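Peer 1: Everything below, folded, please.
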Amino acid sequence: TSRVENREKFLSFYASEAITKGDLVAFDFTATEPTNGYGNHVLIADTDDDGTVGSGFNLVGIGVAVESISSGDVGIIQVAGVCDVAKIDSDQVAPGELLCAGADAGLLDIYDTSAAKGSGGDQLPVAILITDSGADTATSTVFLLNPANL
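Peer 2: Next comes the predicted model:
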């Protein structure tokens, strides 16, 4: 008998901004506590503190949005297991390599411990690449590692 286990785990969160299917998301830890409390709201993950919405408060990715979510609505985020709707930012990533949040909002990028802060060196690995189907499209397959132990 064979057993197939993809260890998939899906959770519901409030979106603090509009999120697109395939975006890597992070907890919303803004200075003002979100309406439903810290840990219940997510923003698009982005390590580039550029002054945009959520900038500086959404640095560590926790999972991938499996659907588009309007700001203020509840949506489904996959935090563990095989995910086939991830967005990848690097053409230099090979299957089996670790991925983390990067400077391009919502995109998984290569995990590089030698990189500078905000470029992957200060991030937690979020996923392992299985197949890269092209940058910026919600069609790549990754194995999500659940770094926040959700």
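Peer 1: hang on, L129 packs against E97?
Peer 2: Yes - contact criterion C-beta atoms under 8 Å: L129 and E97 qualify, at 5.3 Å. Bear in mind the C-beta positions are built from the backbone N, C-alpha and C, glycine included.
Peer 1: the more surrounded of these two?
Peer 2: L129 (21 against 16; other C-beta atoms under 10 Å).
Peer 1: quick one: the strands in the chain?
Peer 2: When secondary structure is read from DSSP state E, the chain shows strands at 9-15, 24-27, 41-44, 61-65, 74-86, 98-101, 108-110, 127-131, 140-145.
Peer 1: Throw those strands into a markdown table and include distance to S2 and mean pLDDT, thanks.
Peer 2: Formatted as a markdown table, the strands of the chain follow (distance: least, C-beta to C-beta, whole Å; pLDDT from 0 to 100):
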| stretch | distance to S2 | mean pLDDT |
| --- | --- | --- |
| strand 9-15 | 22 | 97 |
| strand 24-27 | 32 | 94 |
| strand 41-44 | 36 | 94 |
| strand 61-65 | 27 | 96 |
| strand 74-86 | 16 | 97 |
| strand 98-101 | 28 | 90 |
| strand 108-110 | 30 | 89 |
| strand 127-131 | 19 | 95 |
| strand 140-145 | 19 | 96 |
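Peer 1: Out of the ones you listed, indicate the one that is most buried.
Peer 2: strand 61-65 (a mean of 29; mean count of other C-beta atoms under 10 Å).
Peer 1: strand partners of that one, parallel vs antiparallel please.
Peer 2: Pairing partners of strand 61-65, with direction, according to DSSP bridges: strand 24-27 (antiparallel), strand 74-86 (antiparallel).
Peer 1: Among these, single out whichever gets nearest to G102.
Peer 2: strand 24-27 (8.4 Å; C-beta to C-beta).
Peer 1: Now the closest one - C-alpha only, PDB.
Peer 2: Provided in PDB are the C-alpha atoms of strand 24-27 (Å, rounded to 0.1, in the frame of the first residue of the first chain):
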ATOM      1  CA  LEU A  24       3.600  35.500  -0.200                       C
ATOM      2  CA  VAL A  25       2.100  37.000   2.900                       C
ATOM      3  CA  ALA A  26       3.300  38.000   6.400                       C
ATOM      4  CA  PHE A  27       1.600  38.900   9.600                       C
END
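Peer 1: which residues sit against that strand?
Peer 2: Residues from elsewhere that reach strand 24-27 (C-beta atoms under 8 Å, 6 or more residues apart in numbering): 13, 19, 38-39, 41-46, 58-65, 77, 86-87, 101, 106-108, 126, 148.
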